[in-house]
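# Starting from these lines, generate the structure:
(chains A, B, C and D)
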2 protein chains.
Amino acid sequence: MPTAEIFRALGDPIRLEMVQRLSSGSSYTLTSVSTNLGISRQGARKHLDVLQHAHIVVLKPHGRDVFVELEPATFDAAKEFILNVEKQWDRRLAKLKLFVEED
Amino acid sequence: MPTAEIFRALGDPIRLEMVQRLSSGSSYTLTSVSTNLGISRQGARKHLDVLQHAHIVVLKPHGRDVFVELEPATFDAAKEFILNVEKQWDRRLAKLKLFVEED
DNA sequence: AGTATATGCAACTAAATAGTTGCATAATAA
DNA sequence: TTATTATGCAACTATTTAGTTGCATATACT
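So this is what the prediction gives:
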């Protein structure tokens, strides 16, 4: 899964809200994740498609309703990217400091 | 800065590439960040606008050229979000485990 | 002074996104 | 069985995005 697609999926207030609900709440079906977001059920459903394609979420049909579950493993790629950028940036600054200090 | 906007800015392969260059490389001007991306200078410039509005990057004009610098502090919001989701998710699983085990 | 370089700004197009409404269907509840 | 609920699918619109080209301008180099 390309990192950009994960970030892209997280790059929307409604989808972030969904993720937050899923991470903290108990059990969620499609409708329960989709209510009180200020948009229609079908609108919300499209957002869930985005999260699903980015493997942030898994949909598990169960009788008449569909349960939505978070897939926390996916966050690791995003986390790694950020941590790496910060690490490399720190190294840059360290090198720069050495360069400035040498004379 | 809303978290979603930061994620959104990172949610594109070209912008991710720019960020990676900036985190590791030495000194970058607008043109040097914008070359070898497969798009035109003006196309790349628009991506830099996105990164700038999300405060991921700062532009510092200097004579005829403009230097581009990373703003690593901004990544903290994104990192916090991810860490929080993972933490809450772990708590959920722990609680669930307790619930299942109790009888 | 004249040329080359780094950048900015604007107009335009094609494609993707976010959202809607309407209708259909399968599973549950009364 | 009839009504209700959870969902799916499709068509449609408005807006945003990604990219382009063309032209203007200011700084730097020779």
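
# what's the angle from the longest helix along chain A to helix B:75-101?
Counting residues, the longest helix found in chain A (DSSP state H) is helix A:75-101. Inter-element angle recorded for helix A:75-101 and helix B:75-101: 150 degrees (by axes from the mean of the first three to the mean of the last three CA atoms, to 10 degrees).

# In helix A:75-101, which of the residues would be classed as buried?
Buried residues in helix A:75-101, counted by 16 or more other CB atoms under 10 Å in any protein chain shown: A:Phe75, A:Ala77, A:Ala78, A:Lys79, A:Phe81, A:Ile82, A:Val85, A:Glu86, A:Gln88, A:Trp89, A:Arg92. Where C-beta positions appear, they are placed from N, C-alpha and C, glycine not excepted.

# Report pLDDT for the first one.
Looking at A:Phe75, its pLDDT reads 96.

# Pretty sure it sits against B:Ile82.
Yes. Between A:Phe75 and B:Ile82 there is a contact under CB atoms under 8 Å: 5.1 Å.

# what does chain A have sitting close to DNA strand D?
Within reach of DNA strand D by CB under 7 Å from any atom of the strand, chain A has these residues: A:Thr29, A:Leu30, A:Thr31, A:Ser32, A:Arg41, A:Gln42, A:Arg45, A:Leu59, A:Pro61, A:Arg64, A:Asp65, A:Val66.

# quick revisit: right, is the longest helix of chain A up against chain B?
Yes. Residues of helix A:75-101 are located near chain B by CB under 8 Å from any CB of the partner chain, namely A:Phe75, A:Ala78, A:Lys79, A:Phe81, A:Ile82, A:Leu83, A:Asn84, A:Val85, A:Glu86, A:Gln88, A:Trp89, A:Arg92.
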